[in-house]
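Enquirer: build me a model:
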Amino acid sequence: MTSYERWILRTDHTTYAVRLSPDGPWAELDAWGPHGVEHGPSALDRSRRTHFITPADAAPAEYLPYGLRPFTGSELVASRPGEERGVWWDFAGAEEGEGTLRLAFTDHVVGLRTVLCYETVPGTDVILRWTELTATAELRLERFDSAAVNIPVGGAARLTYLAGQWSQEFQRTQLALQRGTFTIGSTQGVPGHAYAPWLAVQDGDSAAAYGVALDWPGNWHITAEAEPGGTVRVRAGRVPHEGAVVLAAGETLVTPRLACAFSPDGLDGLSRVWHRYERRLAGERLNRPRKVLYNSWEATGFDVDAAGQLELAKAAAEIGAELFVVDDGWFTGRGDDTGGLGDWYPDPDAFPAGFDRFVADVRGLGLDFGLWVEPEAVSPGSRLYAEHPDWVYRIDGRPATLVRNQLLLDLGRTDVQDFVIGTLDRLLGDYDISYLKWDMNRPPTERGRPGSGPVDLDAEHAAGYLRVLDHLRAAHPDVTVEGCAGGGARVDHATLARTDVVWPSDNTAPLDRLSIQYGFLHAHAPHVMSSWVTDAPGVFDPRPRSLAFRFVNAMCGVLGVGADLRRWTAEQRAEARGWIARYKKVCHVTHHGEARLLGTPDDSTFGVQFDHAGRTVVAALSTGRLDGAPLVPGRPDRLRLRALDPAARFRDAATGTTYSGAHLLHYGLPFTWSADHDADLVVLMRE
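Expert: Numbering: from 1, shown residues only. Okay, the predicted model is just below:
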């Protein structure tokens, strides 16, 4: 074995080559890109002449500790208690398997074994990376990232990330990073509304796109640094709320997995890599129909009673909904947001004939039944809090901060996890519930557990959350689970692997939601994106859009309805019934097919193209003013489709119009918009 030993990992279309550095005891990236990219001089080779920094600081290293890499940022900062920080290691061997690689490094002085782990995901162009840290003596870990990713650039790097706030999540945002450091993350105990744990990097205007996504539902960071010599180095990992983690002798810490992806076809191609990966995460559950739901929240708020809910359920069944979900307000003490959380028993005053009778009445309409819960929350006036005040996060001698009039349970405690599991088992056992919406509406503030000593509270909460979800999957495999955290604050691969759909945002206003979904689909698949049709103008955005626009927009994900159907006219209900029927005919294509974003929401016409099994479905939306109208004749807008066979012929299932693939690629699919016609769903059949 020489210092130039190299290991090759291959996905369906890409190669990832790692080698031992000739400069020191570390692994570094040799090549990453399409198959064959590994043949030739490495694009990451830099002059070995370094000034004022060490060779390790200039290297495209896969992972390095502070000590070996003192100046330009390290992935690992460790020390023995009371001693200086720093790790200096030696290479301790490699283990290769089918699509796997493990590279070990040891520091016998500090007492740490570090293993860099790699695994390709079959059927995708994703490589998972994580790190295992085993202590032979007690260690203090201040930083323990999952991995570092190196990307060569010729000038300024173009970074794309998803930013926002509550009700404006997943806004696609870009910047050029010539030099310096860019960081996103969250210390709110969840990925958060402000940033998604996802980043894409491109070399200036080059189409090729590299991406990372962190598999972690707690505190996190992603940091990109444009380094001297033309490399962008991305580091990512979880962030302990306590500032450091103490690792006892013999213990092993396993970092979250960092999914790494590449596409030569830009951000749109990279999105399809992520979509394929998330379809694989779903496993066999991908093939379960995601039923059209009706959720009563926007119609009734906390004013929940059997008669009103049944009236809505009847209207929902009439328009073709398949599932009725009762949101917040169904349990004892929940007349508003000041009480009830933690006491998860149906309110007998709201359901005088019994909750089981109510559920049976809903199911008698031909609807499945679903329920909203917020298992991590507790109201200060609840019976649960009176009996277990020690179950909430708190700091002795300090006041508790109420957010949304509630406190947060310490889900890292096994007794709290057991209570949540018992509560959900009871609800799912006592009542015929087939859908569960898990919400989480506040971050941890006074995050302490008095008397516990040094505990990694963020990691324990995340582990408890995942344990409960794993239990739901195992004990109630037929129950569909929706993930929600005040909208889109907890959307990550760990959650997506254990839920069926997620709620991107509480904002369902048509044009706002279009922008949210546009960003969301860059990182996540349509089959996980719950999207509702709600009333206009609604509570967020008064800009008018038709019922058709709202349906077509929502049909780009998993269709739901959240409007007050009691106020809809017969004509609106009939139109809704038609759209829902159309959705049921195409959702197999939209959920299982390859999705392509056609333009952006800033264009006058925006669309999403879905291709699967000989069918192409195009959701087209008019977002701009009408060209020339009403004073002069306008011209039809066109959406140029992609990735079709130019020689093939495609027939519009509604109009019978036939197009060649070349026509659709070159000229595009025509649309003529008017004040009364601002959206369409076109189904093209390949002949």
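Enquirer: tally of neighbours for residue 38?
Expert: 17 (other CB atoms under 10 Å). All C-beta spots, glycine's among them, are computed from the backbone N, C-alpha and C.
Enquirer: so it makes contact with residue 19?
Expert: No - here residue 38 lies out of contact with residue 19, judged by CB atoms under 8 Å, at a distance of 9.9 Å.
Enquirer: which residues are in contact with both of those two?
Expert: 6, 30 (CB atoms under 8 Å, 6 or more residues apart in numbering).
Enquirer: how about the helices in the protein?
Expert: 55-58, 266-282, 297-300, 306-319, 355-363, 383-387, 414-430, 457-475, 493-496, 510-523, 547-554, 570-592, 661-666 (DSSP state H).
Enquirer: out of those, flag the one nearest residue 13.
Expert: Residue 13 lies closest, by CB to CB, to one member of the helices of the chain: helix 266-282, at 8.9 Å.
Enquirer: got the contact list for the residue nearest to residue 546 when sequence neighbours are not counted?
Expert: Using CB to CB, 6 or more residues apart in numbering and skipping residues adjacent in sequence, the residue nearest residue 546 is residue 678, 5.3 Å away. By CB under 8 Å, 6+ apart, the residues touching residue 678 are 545, 546, 548, 549, 621, 622.
Enquirer: output the below-cut-off pLDDT ranges for the stretch 551-687 of the chain.
Expert: The stretch 551-687 of the chain contains residues with pLDDT under 70 at 625-636.
Enquirer: now swap in the chain and tell me
Expert: In the chain (pLDDT under 70), the answer is 1-4, 47-49, 538-539, 625-636.
Enquirer: in TSV: the helices of the chain, plus distance to residue 247.
Expert: Below are the helices of the chain laid out as TSV (distance: least, CB to CB, whole Å):
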stretch	distance to residue 247
helix 55-58	23
helix 266-282	29
helix 297-300	44
helix 306-319	51
helix 355-363	48
helix 383-387	34
helix 414-430	21
helix 457-475	12
helix 493-496	22
helix 510-523	32
helix 547-554	47
helix 570-592	43
helix 661-666	56
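Enquirer: mind putting those into CSV with distance to residue 208 and mean neighbour count?
Expert: Shown next, in CSV, are these (distance: least, CB to CB, whole Å; neighbours: other CB atoms under 10 Å):
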stretch, distance to residue 208, mean neighbour count
helix 55-58, 23, 20
helix 266-282, 7, 21
helix 297-300, 43, 20
helix 306-319, 45, 19
helix 355-363, 51, 18
helix 383-387, 53, 15
helix 414-430, 44, 16
helix 457-475, 33, 19
helix 493-496, 23, 24
helix 510-523, 16, 24
helix 547-554, 30, 24
helix 570-592, 27, 17
helix 661-666, 22, 17
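Enquirer: tell me where the stretch 201-350 of the chain has strands.
Expert: Using DSSP state E, counting those that start in this stretch, the strands of the stretch 201-350 of the chain run over 209-214, 220-227, 231-238, 245-247, 252-254, 258-263, 293-295, 323-326.
Enquirer: which of the helices of the chain sits closest to residue 600?
Expert: Among these, helix 510-523 sits nearest to residue 600 (CB to CB), with 6.6 Å.
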